[in-house]
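Visitor: I need the structure of the sequence given here:
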Amino acid sequence: MSERTPSCATGATSTHPLMVRLGEVCKEVSIRNKDGKIKAVFSVTNSKGFVPSTEYFNKEVFSKNLATYKIVERGMFAYNPSRINVGSVGCYNDTDPVVVSPLYIVFRVDERQVDYRYLLSFLKGDFALAQVKNLTSGSVRDSLKFSAFCQILIHLPSLAKQRQIAARIDNISKIVTKRKAQLAQLQQLVKSRFVEMFGDPMTNPMKWSMARLGDKCTITTGNTPPRADTKNYGDFIEWIKSDNIVDGQLTRAAECLSEEGFEKSRYVGPGAILMTCIAGSLNSIGNCAMVDRQVAFNQQLNAITPGEEYNGVFLLWLLRLSKNVLHKGINKCLKGILSKGTLSEKELPLPPLALQREFAAFVAKVDRLEAAVKKGLEAAERLYRQQLQEVSDIADNIADNIGDHRTRDHRTRDNMPQPQLLKEGL
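Guide: Numbering: from 1, shown residues only. Take a look at the predicted model:
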């Protein structure tokens, strides 16, 4: 049997020797953590693969009793049936076994025919995701059962070719990871410099004078122009919401106001700081970003415009590192709300302005380094997407040539041949 021949050749589902159904090369695994010995609970994400559940959700959401959770060992795949449509599938590569939710699907592949890195890349490409979309259409919560997963058609060249493709994608992925790590290190560098110069804002070990934020800054709560009047919305000015504050940066708003809506809005310009003050999660309260353009904003946000005694860049980092101060007094049992009045009463350190400016100059240097790293990251991510697209395009072209249009969005489950599943030997 050659490398490219499926082990269940009698159940072949394609007229092309390099196109096979996943069911021909994989087998579901369902080993339960009956004795509860494995305590490491993981989730599977579309960007990072396997991650500790508490890291992903920022809290413990899994059951105390892990007896029904599924065990995942090195080399096994897992996916969330309700999220595989966005590429939430991963292959576990660490030594110690972990467990995943009983709702997850766990499977392993025939390593004599499939390189796990190649398959993982293929499953994240458009060709596979289009099939997932079709196979989940009409199902409960767009959930993909393993029986349907097995129907996905994949391009399976020789093992040597798979490894070559996987190595190329893997190398690019490592560059992406490296660039992200560099960005994280630069962010940590700024935090370390802040603490070195000013100390921890929570304890104020350097005994800086304290000031009420409302006494030194202008604080404004955003609003929503009446939705009933559609003339308030258009493309005149961005309307910022809490989800536009990401890692200290202000992303572009998906929704904008018209000139008429702008007249009814509250807005700020460059140099102001926008802070999330209403959110379903306490962790989101206090998220903030510097404004670099004129924007309007909704009532979930407060705008903080620094007065003469605060440097804007310093104040931004002071606020980012003072979340515990900002959260103090918020009722954690209710939806998190940090009102304008409460925010105004918060007391924060007020070091000499010259020292604040020295810190801001340091941040400017780091920002320039960040810009260069981000440029490299964007190039690497673009190349990574291109490589995934090339893998998908090859399969798409073969499907066109053999007339298997069922792999496209308009294919149906009913007329797709059922794969013969492997019963043993994996």
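Visitor: And the helices in this protein, which stretches?
Guide: 53-57, 116-123, 126-136, 146-149, 159-198, 213-216, 259-264, 312-320, 323-327, 340-345, 353-401 (DSSP state H).
Visitor: Any chance of those in JSON lines with distance to Asp229 as columns?
Guide: Glycine gets a C-beta too; all of them are placed from N, C-alpha and C. As requested, those are exported to JSON lines (distance: least, CB to CB, whole Å):
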{"stretch": "helix 53-57", "distance to Asp229": "39"}
{"stretch": "helix 116-123", "distance to Asp229": "46"}
{"stretch": "helix 126-136", "distance to Asp229": "37"}
{"stretch": "helix 146-149", "distance to Asp229": "46"}
{"stretch": "helix 159-198", "distance to Asp229": "42"}
{"stretch": "helix 213-216", "distance to Asp229": "33"}
{"stretch": "helix 259-264", "distance to Asp229": "8"}
{"stretch": "helix 312-320", "distance to Asp229": "35"}
{"stretch": "helix 323-327", "distance to Asp229": "34"}
{"stretch": "helix 340-345", "distance to Asp229": "26"}
{"stretch": "helix 353-401", "distance to Asp229": "39"}
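Visitor: Name the stretch from these where average model confidence is lowest.
Guide: Mean pLDDT per stretch puts helix 53-57 lowest among the helices of the chain, at a mean of 76.
Visitor: follow-up on the earlier one: is it possible to get JSON lines of the helices of the chain that adds distance to Ser30 and mean neighbour count?
Guide: Shown next, in JSON lines, are the helices of the chain (distance: least, CB to CB, whole Å; neighbours: other CB atoms under 10 Å):
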{"stretch": "helix 53-57", "distance to Ser30": "19", "mean neighbour count": "14"}
{"stretch": "helix 116-123", "distance to Ser30": "19", "mean neighbour count": "22"}
{"stretch": "helix 126-136", "distance to Ser30": "20", "mean neighbour count": "21"}
{"stretch": "helix 146-149", "distance to Ser30": "9", "mean neighbour count": "18"}
{"stretch": "helix 159-198", "distance to Ser30": "27", "mean neighbour count": "15"}
{"stretch": "helix 213-216", "distance to Ser30": "55", "mean neighbour count": "17"}
{"stretch": "helix 259-264", "distance to Ser30": "54", "mean neighbour count": "16"}
{"stretch": "helix 312-320", "distance to Ser30": "45", "mean neighbour count": "22"}
{"stretch": "helix 323-327", "distance to Ser30": "42", "mean neighbour count": "17"}
{"stretch": "helix 340-345", "distance to Ser30": "51", "mean neighbour count": "15"}
{"stretch": "helix 353-401", "distance to Ser30": "29", "mean neighbour count": "15"}
